[in-house]
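Asks: Generate a structure from the sequence data that follows.
(one chain, ligands or ions: 1)
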Amino acid sequence: LRDLEGLGALVTGGASGIGLATARLLAARGARVAVLDLAPDGLPGQLTGFKADVSDDASTRAAVDAAAEALGGLDVLVNNAGIGAAGTVEDNPDEQWHRVLDVNVLGMVRTTRAALPYLRRSARPAIVNTCSIAATAGLPQRALYSASKGAVLSLTLAMAADHVREGIRVNCVNPGTADTPWVARLLDAADDPEAERAALDARQPMGRLVTADEVAAAIVYLASPAAASVTGTALAVDGGMAGL
Ligand code: NAD
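Replies: Predicted coordinates for the structure are as follows:
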């Protein structure tokens, strides 16, 4: 299927995990694809990397401009860059709250602000934000991360309302625990990574984590012409975690 032929797409946090899987799939479906990342290294040849930090407005704006220039415009923006944080409200100091909200929430605001002038010139503009089941699931030990993703969910709905009349669709995906380098890092840090992995799998209704490719398929669907009437939705890719 080459349904994204002729479209330019930018994926933030596209050098790893869900973002990389999304960037690859967008390219396989015919889009020209740029990646904005802190470390856009070792990307496959069909992806063009731009180094930027979404917590810094100037570097984000410069990377979005450079990507739009390289792609000949922007039709699809995937706001995917994000960082985690463990703990209850007693565990995270204010600086950590500021840092995680700055990357996970304001990062999307900055990238979107920079991309909107280009998206307005597109015939099929779409924004997809990577949210999380943490936005609605009430996960233990994830107060800060959940609050950041709750904000991403609300931001997605508000942006969808603000831009629907100009034809810009805005949706998000809510992945469950996904098998990415992020989760691998968490498991590696555990005392017994294998036991931790088995326990994590056992907590999933399907008995396994979701894959980055499965989340990417949902993101690409929401960005694609097949979703032309879909805006203001959150699509869960969580193995039944939130619904069961
Ligand atoms: P990952 O760590 O494998 O990849 C994240 C990428 O984002 C990295 O390439 C990193 O360099 C980049 N990044 C981080 N901070 C950045 C910044 N300030 N500026 C630019 N780039 C930055 O993580 P992943 O698991 O693929 O997660 C991607 C998204 O999916 C995140 O928004 C995360 O919250 C969300 N998510 C992940 C899971 C999961 O279980 N893995 C579940 C739900 C939601």
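Asks: for the chain, which helix is longest?
Replies: helix 143-163 (DSSP state H).
Asks: What lies in contact with that one?
Replies: By C-beta atoms under 8 Å, 6 or more residues apart in numbering, the residues outside helix 143-163 that reach it are 82, 84-89, 91-92, 96-97, 100-101, 104-105, 108-109, 112, 116, 127, 129-132, 134-139, 169-172, 174, 231-232, 234. Using the backbone N, CA and C atoms, a C-beta is placed for each residue, glycine as well.
Asks: now do stretch 97-111
Replies: 10, 12, 36, 54-55, 57, 60-61, 64, 77, 79, 81-85, 92, 129, 144-145, 147-149, 151-152, 155.
Asks: before we move on, what SS does the nearest residue to residue 43 once chain neighbours are set aside have?
Replies: Spatial nearest neighbour of residue 43, chain neighbours left out: residue 49 (5.0 Å); criterion: C-beta to C-beta, 6 or more residues apart in numbering. Under the three-state scheme (DSSP: H, G, I helix; E, B strand; the rest coil), residue 49 adopts strand.
Asks: is residue 49 in a bridge, and if so with what?
Replies: Applying DSSP bridges to residue 49 gives these bridge partners: residue 35.
Asks: and it, how many neighbours?
Replies: Neighbourhood size, residue 49 [other C-beta atoms under 10 Å]: 19.
Asks: quick one: the closest residue to residue 225 other than its chain neighbours and residue 43, what's the gap?
Replies: Nearest non-adjacent residue to residue 225, counting by C-beta to C-beta, 6+ apart: residue 3, 5.9 Å away. Noted for residue 3: a distance of 23 Å to residue 43, by C-beta to C-beta, to the nearest Å.
Asks: With residue 106 instead?
Replies: Taking C-beta to C-beta, one finds residue 106 at 25 Å from residue 43.
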